[in-house]
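*Asks:* Coordinates only, no sequence provided:
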Ligand SMILES: *Cc1c(COP(=O)(O)O)cnc(C)c1O
């Protein structure tokens, strides 16, 4: 088993599904026509993009013309937020949360420097938002509310329907970063009061380099990328046909497999959680156990460093994520765990295990066994242990 990768980091990125690769290959090979060209050869590309738009819309309960293809989740988030703000230049207030992905968090911090006022909603120790706090933050000056559907670190699912209803009552546009939710939990935009919704291909078994943005018909929108008439003028630039075809195929596959995500994958995650919390003393599960993505487990082990756990797991070919802002080279606990007030002695030893439909029970058993041994060994040499 050692020479094989055991991939438990599906909230960071996912492997491309074989069906998805199959669907996109012709457009990387012979079908290279530009969808905007007039001859029949290019019509094949145009039709393929249309089909992908229908497949993406179908997964979300949206209309095809409400879907704009982008290059990634970050672009979808930024496009929605900036398009909404630029369409309402008189309003200078934005409401978002402290637990957003950097795609929204960093943009919010930038907006503050540029003269917008931003309300950063806090969370409780389980990572939950307060609807009362949110309602109290809304004013006549509020141009946009942006709250994620599901958190990439803890898997927490946020009350999008309730937040949307509060926004709708006051005529405030509502953006949702649904990058982690799409394909994992059912989303029906025909009934959800959401105006913009961002998703990313590589988080649902399509390749990197493609995302989509849902813009509800009639929602305020001032485009940033101007040029050709692609994407109904919302995002100029020649369509990335192979990637878009891949995203469409991944959406169709996700729609067909979402039941498995919510039964088999959930059961694997629950087994993992059950075994780890039983076998290993002094550990806590981070997040809201009653409202969590079916694939995500965020767990903290007292007295050890998350990075050390990751390095040891790596020796067994097990890929996972940690709960620290390691991308910045610091060992600070992540902004999400800090916002939740996870105790210092635990926050440093946090680990994110995120599964997919390609994981097996054997992998869960193997990872549990190795993880118990690793934590034991690290605790023996821990300088933090009293
Ligand atoms: C991954 C992720 C993003 C960014 O998506 P990219 O396609 O990597 O730009 C945004 N929000 C959340 C919640 C994510 O998990």
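*Replies:* Thanks, I have it. The structure presented is a predicted model; accordingly, all values stated were derived computationally and were not measured.

*Asks:* count of residues packed around the residue of the chain found nearest the ligand?
*Replies:* Here the residue of the chain nearest the ligand is residue 73; by CB to the nearest ligand atom that distance is 2.5 Å. No exception for glycine: its C-beta is placed from N, CA and C like everyone else's. By other CB atoms under 10 Å, 27 other residues sit near residue 73.

*Asks:* ok, it touching residue 212?
*Replies:* No: judged on CB atoms under 8 Å, residue 73 makes no contact with residue 212 at a distance of 9.1 Å.

*Asks:* what do the two both touch?
*Replies:* 198-199 (CB atoms under 8 Å, 6 or more residues apart in numbering).

*Asks:* who touches the residue of the chain closest to the ligand in this structure?
*Replies:* 101, 103, 177, 179, 198-200, 203, 211.

*Asks:* Highest neighbour count among these?
*Replies:* residue 199 (33 neighbours).

*Asks:* Doesn't that one lie inside a strand?
*Replies:* Yes: under DSSP: H, G, I helix; E, B strand; the rest coil, residue 199 sits within a strand.

*Asks:* Any figure for the gap between it and residue 213?
*Replies:* Using CB to CB, to the nearest Å, residue 199 is found at 8 Å from residue 213.

*Asks:* joint contacts of the two?
*Replies:* Taking CB under 8 Å, 6+ apart as the criterion, residue 199 and residue 213 both touch residue 76.

*Asks:* can you give me phi and psi for the closest residue to residue 207 other than its chain neighbours?
*Replies:* The shortest distance from residue 207 to any non-neighbouring residue, by CB to CB, 6 or more residues apart in numbering, is to residue 16 (5.1 Å). Main-chain dihedrals, residue 16, degrees, to the nearest 10: phi -70, psi 130.

*Asks:* I'd guessed residue 16 sits against residue 203; true?
*Replies:* No: between residue 16 and residue 203 there is no contact under CB under 8 Å: 11.7 Å.

*Asks:* quick one: what helix or strand has residue 120 in it?
*Replies:* strand 117-121 (DSSP states H and E).

*Asks:* That strand: partners in the sheet, and parallel or antiparallel?
*Replies:* Paired neighbours of strand 117-121 in the sheet (DSSP bridges): strand 93-97 (parallel).

*Asks:* Is the strand it pairs with in proximity to the ligand?
*Replies:* No: Strand 93-97 does not reach the ligand (CB under 6 Å from any ligand atom); its nearest approach is 11.6 Å.

*Asks:* Quick one, grab the pLDDT at the residue of the chain closest to the ligand.
*Replies:* pLDDT, residue 73: 98.

*Asks:* what bridges to the residue lying closest to it once chain neighbours are set aside?
*Replies:* Using CB to CB, 6+ apart and skipping residues adjacent in sequence, the residue nearest residue 73 is residue 200, 3.1 Å away. When bridges are called by DSSP bridges, residue 200 pairs up with residue 211.

*Asks:* and the gap between residue 200 and residue 177?
*Replies:* 9 Å.

*Asks:* Residue 220 too?
*Replies:* Residue 220 sits at a distance of 18 Å from residue 177 (criterion: CB to CB).

*Asks:* on that earlier part again, pull out the buried residues from the strand holding residue 120.
*Replies:* By 16 or more other CB atoms under 10 Å, the buried positions in strand 117-121 come out as 118-121.

*Asks:* chain center to that strand: distance?
*Replies:* Here strand 117-121 shows a centroid-to-chain-centroid distance of 21 Å under the convention CA atoms, centre = their mean, to the nearest Å.

*Asks:* again with stretch 64-78
*Replies:* 13 Å.

*Asks:* With stretch 282-297 instead?
*Replies:* Distance, centroid of stretch 282-297 to centroid of chain: 16 Å (CA atoms, centre = their mean).

*Asks:* Also stretch 178-191?
*Replies:* 11 Å.

*Asks:* near the ligand, anything from it?
*Replies:* Yes: applying CB under 6 Å from any ligand atom, one finds stretch 178-191 touching the ligand at 179-180.

*Asks:* Just the endpoints, please. Distance across that stretch?
*Replies:* 16 Å (CA to CA, to the nearest Å).

*Asks:* I'd say residue 364 and residue 274 touch.
*Replies:* No: applying CB under 8 Å, one finds residue 364 not in contact with residue 274, separated by 10.2 Å.

*Asks:* Tell me which of these two has more neighbours.
*Replies:* The residue with more neighbours, out of residue 364 and residue 274, is residue 364; 22 against 11, by other CB under 10 Å.

*Asks:* and the gap between the more buried one and residue 7?
*Replies:* With distances taken as CB to CB, residue 364 is found 12 Å from residue 7.

*Asks:* The closest residue to residue 88 other than its chain neighbours sits in which helix or strand?
*Replies:* Nearest residue to residue 88, sequence neighbours excluded (CB to CB, 6+ apart): residue 143, at 4.6 Å. Assessed by DSSP H and E, residue 143 sits inside strand 142-148.

*Asks:* Toward the C-terminus, what is the element adjacent to the strand holding residue 120?
*Replies:* The element immediately downstream of strand 117-121 (helix or strand, assigned by DSSP H and E) is helix 131-137.

*Asks:* tell me the average confidence for that following helix?
*Replies:* Here helix 131-137 scores 98 as its mean pLDDT.
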